[in-house]
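Asks: here is a sequence with its predicted model. Questions after.
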Amino acid sequence: MVHHYRNVLEAEGIRAVVKNQYLSSAMGDLPPAECQAELWVLNEHDAMRAERLLHAPRADGPDWACACGERLGAQFTQCWRCGSFRV
Ligand SMILES: [Zn+2]
């Protein structure tokens, strides 16, 4: 999963590395949370953008209805018809 996130970031030009990816197999005695892989953004200035990208609403979520009656896909945060933002 963490590799998928890294690919998403790299597609946007954000350099990131996966840490602890080999630890999980070496540290069988530790609880899983202790050796989970982590995703590190190399450039501090990219961190905010990276977070927004990874927490963006998923495009395959349910549609939403704007107050004006327009129906919009989950990937849109703003109505194209009246300009209202999703609430
Ligand atoms: Zn609208």
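Replies: Received it, and whenever you're ready, just let me know what you need.
Asks: up against the ion, what does the protein have?
Replies: C66, C68, E70, C79, R81, C82, S84 (CB under 5 Å from the ion). (Each C-beta comes from the backbone N, C-alpha and C, glycine too.)
Asks: so how far is S84 from the second one?
Replies: Taking CB to CB, to the nearest Å as the measure, C68 and S84 are separated by 7 Å.
Asks: follow-up on the earlier one: and the buried ones among the residues of the chain next to the ion, selectable in PyMOL?
Replies: Only the buried entries of the residues of the chain next to the ion go into this PyMOL selection, using 16 or more other CB atoms under 10 Å:
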select buried, resi 66+79
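Asks: list just the nearest of the residues of the chain next to the ion to L53.
Replies: C79 (22.4 Å; CB to CB).
Asks: contacts only, for the closest residue to the closest one other than its chain neighbours.
Replies: Nearest residue to C79, sequence neighbours excluded (CB to CB, 6 or more residues apart in numbering): C66, at 4.1 Å. Contact analysis of C66 by CB atoms under 8 Å, 6 or more residues apart in numbering lists L72, C79, R81, C82, S84, R86.
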